[in-house]
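Q: Sequence and computational prediction follow.
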There are 4 protein chains.
Amino acid sequence: MAALTMRQKEIIEASVHLIAEGGIQQLTIKNLSRAIGISEPALYRHFHSKQAILRGLLGFFADESRTVFERVTGSDRPAREKLQAILIAHFEQFAKYPPLSAVLFSEEIFQNDGVLAQKVLEIMDTGQSYLLKIVLQGVTAGEFRDDLPAEHLVAVIMGALRLMVTKWRLSKYGFDLRREGATLWNSLGVLVSSIGAAGDRG
Amino acid sequence: MAALTMRQKEIIEASVHLIAEGGIQQLTIKNLSRAIGISEPALYRHFHSKQAILRGLLGFFADESRTVFERVTGSDRPAREKLQAILIAHFEQFAKYPPLSAVLFSEEIFQNDGVLAQKVLEIMDTGQSYLLKIVLQGVTAGEFRDDLPAEHLVAVIMGALRLMVTKWRLSKYGFDLRREGATLWNSLGVLVSSIGAAGDRG
Amino acid sequence: MAALTMRQKEIIEASVHLIAEGGIQQLTIKNLSRAIGISEPALYRHFHSKQAILRGLLGFFADESRTVFERVTGSDRPAREKLQAILIAHFEQFAKYPPLSAVLFSEEIFQNDGVLAQKVLEIMDTGQSYLLKIVLQGVTAGEFRDDLPAEHLVAVIMGALRLMVTKWRLSKYGFDLRREGATLWNSLGVLVSSIGAAGDRG
Amino acid sequence: MAALTMRQKEIIEASVHLIAEGGIQQLTIKNLSRAIGISEPALYRHFHSKQAILRGLLGFFADESRTVFERVTGSDRPAREKLQAILIAHFEQFAKYPPLSAVLFSEEIFQNDGVLAQKVLEIMDTGQSYLLKIVLQGVTAGEFRDDLPAEHLVAVIMGALRLMVTKWRLSKYGFDLRREGATLWNSLGVLVSSIGAAGDRG
DNA sequence: CATGAATGAGAATTCATTCAT
DNA sequence: AATGAATGAATTCTCATTCAT
């Protein structure tokens, strides 16, 4: 897990772009080397196999993802604010770097390879448990409804986020993800809110 | 869109299995022919290219999907019952034929190829508009909450469904999708319900 | 161990030629396909890997070698005649098909690969035990000297045979192997003979 | 033929080890540099090409071999003693440094390259002519039998030596070469001895 | 309807070697 | 004396596809 060199970051970025453009099948050593402007063998100085590149890629985004969650979770704001911050941060991240959307929610890509599939699963699980922690905090604090399993609230949030990002990507980034994301958050906020939940006759 | 022959169905089924086992990269003519027990050239009697196989595959499932929706939507039951029927039907379908889950929500697989990507998008859109119709019916009938955009309710339902199926697949079908799906529906039903929604002070 | 097809025999023969010309390093799929006049992928119809080709090659010669030994050993001539027949048959075989000499006594070639190294060892061992059987027969019959371990007589015979063939090959087949082999046999025959051996004062 | 530097000797030794472990195909610049613990380009400071390394290697062993023969031949002991000394010295040398056995009798390794093949042939020829000189001395002195061509006696000795060493290597040094070598010498000594040879009716 | 044989294009990777530092 | 980065050529092997039978 050594820190990545410049070239390694460059290779990972190019890989993400290639995947975003044409799926994992476009990610060939040839395409990659062409994209970076070096020869094919030169790639092997920086990653000793193609699998290593993908491992590096997933590791990098796992770290990034964790960082986002950590930053938000660490504070002691109300759960609702945390949740909002996380969703907005994600939409922001994808909007800034669209190709990322082709990799992060595309578990199928790595199905081929046990090691990679495991890494993908970890990323997904990590996100889920961060969300769960926040939701539980919100439920405990009375911010969020407690008439439904917290896991289902998480599933609804994650599912809606993932679906919107996927649709955005399939539309070739054809709508304003930040804006649509913000309005989606509004609805999600209402849905999970304790106000008006069954049993709430405040 | 001629009806599929037996052999064609067999090929499509084998294709789905291969994709489910090891991703799209396992779907090679060689693997396919071996799985079916015929020679490689023989495949070309039934589909004139690999792309045609995938087109057939997607077409087949598009039809199946439409059929499910059509059956449910056509009736004049309350929206809530229709929604439930649709979700249950989907979970049922996947539980009966797990490999399907590797194909139906895996848009990335077909990113490679414009024609196929288009087909995938259509399937997704179709499902979405059926759901939207039902949700709108529910809102109009006062069954479903009207304080949120119907599109967002649809996004929440679809997103949660897709997420659960994806997790099921990634867990290698490691939990009882039918049961988990049913409890998920309970929560979704509550979430979309008008009872207790903001503004509902009935 | 299925019988070899025509093409397979052709491939094996071409392999032997390539090895004879420039060592194992010349045996590349490219050179091989060029030598035969087909494309590189076409080779894979007939052997599913390069290793399989070498396995086929060794298996083929193991069979041939066994056949020669079997033919001679089976008869009930005196040991001396059998020994002569075997040596002559070997020189004959190499003279007829010189490239064989580059493969049969070149254990180093296959050192790379455990499976192949094993096969080579078997061939060598087989030859040795056939020779040993004959020598023992000769000793018992009083034809061959019994003042030395039979194993050493075998070593002397095999060693001299191998050395002569190796020199012939390194000289680029620059002398008449049949003739030189015949005279070598004369000497070997005398060496192993019981007449004049220590203890023989007949 | 400048004397070798320390590094050069180190490189040659590492080369021999690599060849012994996995054949000539294991001798790559990468493996070599890794074995020594320097970078690949660094090798080129010491030998300007891979071929030069192999030339150095063969040159080194040619010198060593000549030294052994020279030491023994120079003395004026009886031929039998000289012969024994040479064989024992060889077995000793291999036993002390087993990887050598993978290189010295493995002409095939260098078949690839004209220059190297020539060097190998020289080493072989040198050994042979030293042996021949001794044998002729022995024949003249009446120590060795004169009823067979001296060349054949040499072939028998060299052949048996080479065969035993080869078998020792293929058995992964699985027997005591020194001891087996000594008993082999006993037999060879008897075989070449004039006592009991045809015509000897002492 | 099916196959055995074949192929051009391209896959990942390794080779010996060079060069600027 | 040594290295990190790079490369052209070659390696084994797989891909989707075609064609004569």
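A: Everything's here; your move.

Q: Got phi/psi on the most centrally placed residue in chain A?
A: Central residue of chain A (Cα atoms, centre = their mean): residue A:104, 4.9 Å from the mean position. Residue A:104 has phi and psi values of phi -70, psi -30 when expressed as degrees, to the nearest 10.

Q: quick one, what contacts it?
A: A:61, A:65, A:123, A:165 (Cβ atoms under 8 Å, 6 or more residues apart in numbering or on different chains). Every residue, glycine included, has its C-beta placed from N, CA and C.

Q: Could you list the low-pLDDT ranges of chain A?
A: Scanning chain A for pLDDT under 70 picks out the ranges A:1-2, A:196-202.

Q: Spell out which residues of it are next to DNA strand F.
A: When proximity is defined as Cβ under 7 Å from any atom of the strand, chain A approaches DNA strand F at A:5, A:7, A:38, A:39, A:40, A:41, A:42, A:44, A:45, A:46.

Q: hmm, 6 Å instead?
A: Taking Cβ under 6 Å from any atom of the strand as the criterion, chain A approaches DNA strand F at residues A:7, A:38, A:39, A:41, A:42, A:45.

Q: just those residues that are near DNA strand E?
A: Counting by Cβ under 6 Å from any atom of the strand, the members of these near DNA strand E are residue A:41.

Q: Now tabulate the residues of chain A next to DNA strand F in JSON lines and tack on neighbour count.
A: As requested, the residues of chain A next to DNA strand F are exported to JSON lines (neighbours: other Cβ atoms under 10 Å in any protein chain shown):
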{"residue": "A:7", "neighbour count": "15"}
{"residue": "A:38", "neighbour count": "16"}
{"residue": "A:39", "neighbour count": "11"}
{"residue": "A:41", "neighbour count": "9"}
{"residue": "A:42", "neighbour count": "12"}
{"residue": "A:45", "neighbour count": "10"}
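
Q: Closest one to residue C:172 out of the residues of chain A next to DNA strand F, please.
A: Nearest to residue C:172 out of the residues of chain A next to DNA strand F is residue A:41 (Cβ to Cβ; 37.2 Å).

Q: That closest one and residue A:7: what is the separation?
A: Distance, residue A:41 to residue A:7, by Cβ to Cβ, to the nearest Å: 14 Å.

Q: do the longest helix along chain A and DNA strand E meet?
A: Ordering each helix of chain A by length in residues (DSSP state H) puts helix A:114-140 first. No - judged by Cβ under 6 Å from any atom of the strand, helix A:114-140 makes no contact with DNA strand E; its nearest approach is 12.6 Å.

Q: how about the helices in chain A?
A: For chain A, applying DSSP H gives helices covering A:6-22, A:29-36, A:40-46, A:50-74, A:79-96, A:100-104, A:114-140, A:150-170, A:177-192.

Q: ok, and what's touching the third one?
A: With contacts defined as Cβ under 8 Å, 6+ apart, helix A:40-46 is touched by A:5, A:7, A:8, A:11, A:29, A:30, A:32, A:33, A:36, A:53.

Q: pull the CA atoms of it into PDB?
A: C-alpha atoms of helix A:40-46 as PDB (Å, rounded to 0.1, in the frame of the first residue of the first chain):
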ATOM      1  CA  GLU A  40       3.600  -0.800 -23.400                       C
ATOM      2  CA  PRO A  41       6.500  -2.400 -21.600                       C
ATOM      3  CA  ALA A  42       7.100   0.900 -19.800                       C
ATOM      4  CA  LEU A  43       3.800   0.400 -17.900                       C
ATOM      5  CA  TYR A  44       5.300  -2.600 -16.200                       C
ATOM      6  CA  ARG A  45       7.900  -0.500 -14.500                       C
ATOM      7  CA  HIS A  46       5.100   1.100 -12.500                       C
END
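
Q: what's the offset of it from the middle of its chain?
A: Chain-centre distance of helix A:40-46: 29 Å, with Cα atoms, centre = their mean, to the nearest Å.

Q: List the contacts of the nearest residue to residue A:53 once chain neighbours are set aside.
A: Leaving aside its sequence neighbours, residue A:53 sits nearest to residue A:47 (Cβ to Cβ, 6 or more residues apart in numbering or on different chains; 4.5 Å). Contacts for residue A:47 (Cβ under 8 Å, 6+ apart) come out as A:8, A:11, A:53, A:56.

Q: and the residues you listed as JSON lines, adding neighbour count?
A: Below are these laid out as JSON lines (neighbours: other Cβ under 10 Å):
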{"residue": "A:8", "neighbour count": "18"}
{"residue": "A:11", "neighbour count": "24"}
{"residue": "A:53", "neighbour count": "21"}
{"residue": "A:56", "neighbour count": "20"}
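
Q: Make TSV out of those residues and add distance to residue A:75.
A: Shown next, in TSV, are these (distance: Cβ to Cβ, whole Å):
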residue	distance to residue A:75
A:8	32
A:11	34
A:53	35
A:56	30
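
Q: show me the contacts for residue A:113.
A: By Cβ under 8 Å, 6+ apart, the neighbours of residue A:113 are A:51, A:54.

Q: hmm, try it at 7 Å
A: Going by Cβ atoms under 7 Å, 6 or more residues apart in numbering or on different chains, residue A:113 touches residue A:51.

Q: phi, psi of it?
A: Backbone torsions of residue A:113, given as degrees, to the nearest 10, read phi -130, psi 120.

Q: Could you pull up phi and psi at residue A:98?
A: According to degrees, to the nearest 10, residue A:98 has phi -50, psi -40.

Q: So it sits against residue A:172, correct?
A: No - counting by Cβ atoms under 7 Å, residue A:98 does not reach residue A:172; the two are 9.2 Å apart.

Q: count of neighbours near residue A:140?
A: If you count neighbours by other Cβ atoms under 10 Å in any protein chain shown, residue A:140 ends up with 12.

Q: Let me fix that, I meant to ask about residue A:70.
A: Count around residue A:70 with other Cβ under 10 Å applied: 10.
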